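Peer 1: Quick one, what's the 3D model for this:
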Amino acid sequence: MRKRLLLVTLLIVFILSFAACKKKESSKGFNPPMKGITWGMTQRDALAVIGDAKYETVELDDGMHVAVILAEPITKFGSDAQIYLLFSKELCKITDHGGRLQAVVMRYPNITEEQLLTNMTDEMGDITRDSSPMKEVKNYIWDSKAVLKDLPKKDYKAIKDFMTNNESTKLLVDPDSGVAFSTPPEQQPINAIALKKITTADGDSLSVVYYGDWAYLLKVIKEEQ
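Peer 2: Purely as a prediction, here's the structure:
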């Protein structure tokens, strides 16, 4: 799902404030890069999976997103990365569970853009597309092979009905076209992974973002709507 113009902006502010196999994905798109963590799960449930691992919780400025920052890095795509779990409260009827997992950000401080892109291409194949939603941002994007048509018919219908009838969906905008979504096409990828480079006066910041997109929304529809 492409509610990313707002999310991209939030990620930029958030990230900058803290200084051989092919694509692995399920029939419902890319999974988060951590065992036991699933799209749309509550923050409460995610923390139960994390267990005794050390973490920090940060409320983002919009008041609707919360980041859980894990203290221990993981090694992925050939380099150590710090993990940020991003939870959204936007479509939740209740929020005392801490929101639902919308994206996972892996921040890479010790690798070049060229090497990280090479490593990701070696593991996942060629990028699907690239984009620059802002002049300071460069995205290399791998869309999931799985598309909405691959979902069970009842799940695709649930998404279509929600996108057609729910007032809050008027805020969902395709970042590539700037056009608000209505009924998603059957061939829409379920989700995506992006290598993101953000350029500032202090230099470049590299991160890899796993987006929950439609997999996240489907979980929210089933449990919150």
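Peer 1: low-scoring pLDDT stretches of the protein, where are they?
Peer 2: 1-27, 166-182 (pLDDT under 70).
Peer 1: show me where it has strands.
Peer 2: Ranges of strands in the chain, per DSSP state E, are 55-59, 65-70, 74-76, 79-88, 100-108, 129-131, 137-143, 192-200, 203-211.
Peer 1: Could I have the CA atoms of stretch 149-169 written out in CSV?
Peer 2: Below are the C-alpha coordinates for stretch 149-169, written out as CSV (Å, rounded to 0.1, in the frame of the first residue of the first chain):
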residue,chain,number,x,y,z
LYS,A,149,-4.8,-10.9,-7.1
ASP,A,150,-2.7,-13.6,-5.3
LEU,A,151,-4.6,-13.0,-2.1
PRO,A,152,-7.7,-15.1,-1.2
LYS,A,153,-10.7,-13.5,-2.8
LYS,A,154,-12.2,-12.6,0.5
ASP,A,155,-9.1,-10.7,1.5
TYR,A,156,-8.9,-8.8,-1.7
LYS,A,157,-12.6,-8.0,-1.4
ALA,A,158,-12.1,-6.7,2.2
ILE,A,159,-9.4,-4.4,1.0
LYS,A,160,-11.5,-3.1,-2.0
ASP,A,161,-14.5,-2.5,0.3
PHE,A,162,-12.4,-0.7,2.9
MET,A,163,-10.7,1.5,0.2
THR,A,164,-14.1,2.3,-1.4
ASN,A,165,-16.1,3.0,1.7
ASN,A,166,-13.8,4.2,4.5
GLU,A,167,-13.5,7.9,4.9
SER,A,168,-9.9,7.7,6.1
THR,A,169,-8.7,6.2,2.8
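Peer 1: End to end on stretch 70-80, go ahead and measure it.
Peer 2: Terminal residues of stretch 70-80 lie 13 Å apart, using Cα to Cα, to the nearest Å.
Peer 1: nearest to Glu186, of the strands of the chain?
Peer 2: strand 137-143 (14.3 Å; Cβ to Cβ). Using the backbone N, CA and C atoms, a C-beta is placed for each residue, glycine as well.
Peer 1: List of residues touching the closest one?
Peer 2: 8, 12, 23, 30, 117, 120, 124-125, 127-133, 189, 192-199 (Cβ atoms under 8 Å, 6 or more residues apart in numbering).
Peer 1: The same query, at a cut-off of 6 Å, please.
Peer 2: For strand 137-143, contacts defined as Cβ atoms under 6 Å, 6 or more residues apart in numbering pick out 124, 127-132, 189, 192-198.
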